[in-house]
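Visitor: Pasted the sequence and its predicted model underneath.
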Amino acid sequence: MSRNLVELVRRQHTVQAPTALQVLKAAMDARGEITDEDRRLAAEASGLPEAAVYGVSTFYDDLRAPRGRRHIRVCTGTACWAATADAHVDSVRDGLGLTLGERSEDGSVSLAETVCLGFCHSSPAIRDGDRIDAGPGAVERLLGGTTADAAEPEWISVLEEPVLTRPGDWSGLARALAELEPEQLLAEVKDANARGRGGAGFPAGQKWEFTRASPGEQKFIVANGDEGDPGSYIDKYLIERNPMLLLEGMALAGYAVGAEHGFVLVRSEYPHSKPILEAAAAQARELGWLGEDIAGSGFDFDVTVLEGGGSYVVGEETALLACVEGLRGTVSARPPFPAQKGLFGMPTVVNNTETLINVPFIARSGAPAYRDLSPGGSPGTKLICFNERFARPGVYEVRFGTSMRELCEDLAGGLIDGHEIKALQIGGPLGGILPASRLDVGFDFDALKAEGCMVGHGGIVAFDERTDIRALARHLLRFGAHESCGKCFPCRIGLTRAYEMFGAEQPVERARLEPLLETLELASLCAHGSGMPAPIRSLVAHFPDELGLI
Amino acid sequence: MQVTIDGNSVEVSSETTVLEAIRSLGGDVPTLCFDQRQAPFGACRVCLVGVEGAPGPIPACTTPCRDGMTIDTGDATARRVVKAVVELVLSELPDPPAEHTELAVVARGLGVGEPRWTGRRHEVRHDQRHPYLAFQHELCISCGRCVRACDEVQGAFALTATGRGFDANVAAGLDAGFRNSTCVSCGACADTCPTDAIIEITLLQMSDVP
């Protein structure tokens, strides 16, 4: 996007115009398709040029597939793939007589694919309108017209005193406002060495410090709730089950860096997240924890909740800000970093939602207590989740340093029906793949890195002994190519080429694969292109024969 | 501050990018998405260079100079990767780019031959509804120069990037051609296009002459 467009969007925001994305989403929800008239109206309402609105309308998944009166979205995420190898997709397609992205001629029904509905604990998952069904019988119920709401397992903390699953009560903000200057709170978060939970693991305190030090008329806090990792439903749980703690974390970030407003971007694939978070924000305003002069401190802070439009790369921080601004969710080169020039060109903290829910504990109990939560491991605790292949799938709060074997076998109960783990993908689609022989590695940033893996966002997807490794590579690269934002050349073209190599029937030549992976890793603009080779490299290292390499 | 480029030292200000520093010394690295009239974009990754101590090559156009930086424009890894990127770009076009285009010049300069990776190519789609400007969408490599020329240089906001991933392209207005957009026929887009995806009709006609 151009610098003039950002300035235009900033001015429109100051007059509280809706964003182009919001207007287009509403048009899609209302009429099931987007016409040029809708685009003209969106341009008028948002103040964006018509061309820019057209660009937005061709970017997001939610705006592209036409919808019938009954709109069905079948999950093609990695947990659902691990459960059925996409057999559920074929069944739904055949049962409805529609291809993915097609609407029936009479407009009664439409089918689209969606990457990850966050019901990875009971795959396969299917969304029928706003109702999500999952698990055995979901396909049959859908085709029989009796789609049901799937149940979600309770989340569990292994700690005697839970940190992240403990309902937010604003005690951290209360203490900070009463006892700590903003600089002291910032120092405390730095001292706690809380690392980002979204994937990159960047120290949160450092981001805050940069933002606080950057000059700007206004500053913003943006909570990244765009949990796009197929196989992860951690943010879904924390937003829908602990919204107060997230809002408290955002308010604390605002206090520390001098921001008076925050935005949360939640996923449209989780239809309940936005209403739940908005209700919590309304309640917080009634309680006096959001709004003006919070607790008589003179500190003002409020939060706006926005919903995305279906794009994985929007989880990258610069793309996230573009999405909040209602623009195409493409990545921008850094520098400038969001801490210098972020939302509407102003200094902005972008933190993952899970990073932010760590902050109230630090504010209330202090950095040393936070560092002691995981003895011998990274500071704090982590939410992880398991896919449907496990006997006890769900979201768990755990200590860093616990071995993957303990997590998979003791906590999640091993695999169901006597199946065995062939490999795990940890931390999302950009995470390496750990073969069963390496399960004794500790769940920690550095230990996993040494195995070519990562903590990432904490989703753990098991593939059982029947898994076709070449089909897995194809599945991962299909996702990678589909989700490339199209900004940088290596990712835009290279991921499609990699997918084509594994999609063809021929063996994959190492001599062509290696330089392609290197080019993606070293030349891509963001972690999507540079990270997608990681799982492929793991498969090459651990399962070369099954990949069909020559 | 001072930076060293291929063994030669140069004084630069803190706002200087690595690409500007290289060019100030009379050196060069290839670029595709860069146009000095526009803000750096960082999309093509063809200006990658080596920097001492960095974990991998860095894009010269979007990286600011740091005091004491040692830059190697001939870094073997950077050159290898850049060549691969240009091969990928050629692999998405239905036909090789015309010899006079910036893309063809860059490819020749790097000694890029037949792409090692092949597969889907852009679909041929022409739009000649405007009297002076024509789209050849299949030649678009999504460098964003036309969109930025329109927004940043002309201020007409008539163009946009479209689609995503491999299907990314460019459109005027609501993709109904230049005439049905806010285009003022200034030609800045055609002037900056490195592949002839947007071209002035007269030039197109001339190139049709055998």
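Guide: Thanks, I have it.
Visitor: Please count neighbours and contacts with C-alpha atoms only from this point.
Guide: Noted.
Visitor: how much space between A:Asp149 and A:Phe445?
Guide: According to Cα to Cα, to the nearest Å, A:Asp149 stands 36 Å off from A:Phe445.
Visitor: Looking at the two, which one has more neighbours?
Guide: A:Phe445 (20 against 14; other Cα atoms under 10 Å in any protein chain shown).
Visitor: Excluding covalently adjacent residues, which one is nearest to the more buried one?
Guide: Sequence neighbours aside, A:Val455 is the residue nearest to A:Phe445 in space, at 5.6 Å (criterion: Cα to Cα, 6 or more residues apart in numbering or on different chains).
Visitor: how about the helix or strand where A:Glu37 lies against chain B, any contact?
Guide: A:Glu37 is part of helix A:36-46, with elements assigned from DSSP states H and E. Yes: using Cα under 8 Å from any Cα of the partner chain, helix A:36-46 comes into contact with chain B via A:Asp36, A:Arg39.
Visitor: Counting by contacts, list what that helix packs against.
Guide: Secondary-structure packing of helix A:36-46 (3 or more Cα pairs under 8 Å, 6 or more residues apart in numbering or on different chains; DSSP states H and E): helix A:20-31, helix A:50-57.
Visitor: Quick check: buried residues in that helix?
Guide: A:Asp38, A:Arg39, A:Arg40, A:Leu41, A:Ala42, A:Ala43, A:Ser46 (16 or more other Cα atoms under 10 Å in any protein chain shown).
Visitor: List the contacts of that helix.
Guide: A:12, A:17-20, A:23-24, A:27, A:48-50, A:53-54, A:57, B:174 (Cα atoms under 8 Å, 6 or more residues apart in numbering or on different chains).
Visitor: now, which of those residues sits nearest A:Glu451?
Guide: A:Glu451 has its nearest neighbour among those in A:Ser57, at 40.5 Å by Cα to Cα.
Visitor: so is the closest residue to the closest one other than its chain neighbours in a helix, a strand, or just coil?
Guide: Nearest residue to A:Ser57, sequence neighbours excluded (Cα to Cα, 6+ apart): A:Leu63, at 5.8 Å. Put simply, A:Leu63 is helix when judged by DSSP: H, G, I helix; E, B strand; the rest coil.
Visitor: Report pLDDT for A:Leu63.
Guide: Here the pLDDT value assigned to A:Leu63 is 97.
Visitor: for the stretch 201-350 of chain A, what spans make up the strands?
Guide: Ranges of strands within the stretch 201-350 of chain A are A:220-225, A:261-266, A:302-307, A:348-352, based on DSSP state E, counting those that start in this stretch.
Visitor: ok, now chain B?
Guide: Secondary structure of chain B (DSSP state E): strands at B:2-5, B:8-11, B:48-51, B:58-59, B:70-72, B:126-127, B:133-136, B:159-162, B:169-172, B:198-200.
Visitor: Select, out of these, the one closest to chain A.
Guide: strand B:159-162 (4.6 Å; Cα to the nearest Cα).
Visitor: so can I have JSON lines of the strands of the stretch 201-350 of chain A showing distance to B:Arg164?
Guide: Output for these, formatted as JSON lines (distance: least, Cα to Cα, whole Å):
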{"stretch": "strand A:220-225", "distance to B:Arg164": "21"}
{"stretch": "strand A:261-266", "distance to B:Arg164": "20"}
{"stretch": "strand A:302-307", "distance to B:Arg164": "20"}
{"stretch": "strand A:348-352", "distance to B:Arg164": "24"}
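Visitor: Mind putting those strands into CSV with distance to B:Thr202, mean neighbour count and mean pLDDT?
Guide: Below are these laid out as CSV (distance: least, Cα to Cα, whole Å; neighbours: other Cα atoms under 10 Å in any protein chain shown; pLDDT from 0 to 100):
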stretch, distance to B:Thr202, mean neighbour count, mean pLDDT
strand A:220-225, 49, 27, 98
strand A:261-266, 48, 24, 98
strand A:302-307, 47, 20, 97
strand A:348-352, 48, 28, 97
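Visitor: Check which helix or strand A:Leu448 maps to.
Guide: helix A:445-450.
Visitor: contacts for that helix?
Guide: Residues contacting helix A:445-450 (Cα under 8 Å, 6+ apart): A:Gly201, A:Ser378, A:Val441, A:Gly442, A:Met454, A:Val455.
Visitor: tell me the domain ranges of chain A?
Guide: If you go by automatic domain parsing, the domain ranges for chain A are A:11-58, A:70-143, A:156-371, A:381-464, A:469-547.
Visitor: how about these, which one is nearest B:Ala149?
Guide: Among these, if distance is taken as Cα to Cα, the winner is domain A:11-58, at 13.9 Å.
Visitor: Show me how far the closest one is from its chain's centre.
Guide: With Cα atoms, centre = their mean, to the nearest Å as the basis, domain A:11-58 stands 24 Å off its chain's centre.
Visitor: Tell me the pLDDT of the spatially most central residue of chain A.
Guide: Nearest to the geometric centre of chain A sits A:Glu227, at 1.3 Å (Cα atoms, centre = their mean). We have a pLDDT of 92 for A:Glu227.
Visitor: Could you do A:Met1 as well?
Guide: A:Met1 carries a pLDDT score of 60 in this model.
Visitor: Retrieve the pLDDT associated with A:Pro167.
Guide: 95.
Visitor: Low-confidence ranges, the chain, go.
Guide: By default, I'm working from chain A. Applying pLDDT under 70 to chain A flags the ranges A:1.
Visitor: Not quite, go with chain B.
Guide: In chain B, residues with pLDDT under 70: B:203-204, B:206-210.
Visitor: For the stretch 1-150 of chain A, which residue gets nearest to chain B?
Guide: For the stretch 1-150 of chain A, Cα to the nearest Cα, closest residue to chain B: A:Ala51, 4.0 Å.
Visitor: Grab the nearest non-local neighbour of that residue.
Guide: B:Gly173 (4.0 Å).
Visitor: Quick check: the residue nearest to A:Phe445 touching A:Leu430?
Guide: No: at 10.6 Å, A:Val455 does not count as touching A:Leu430 under the criterion of Cα atoms under 8 Å.
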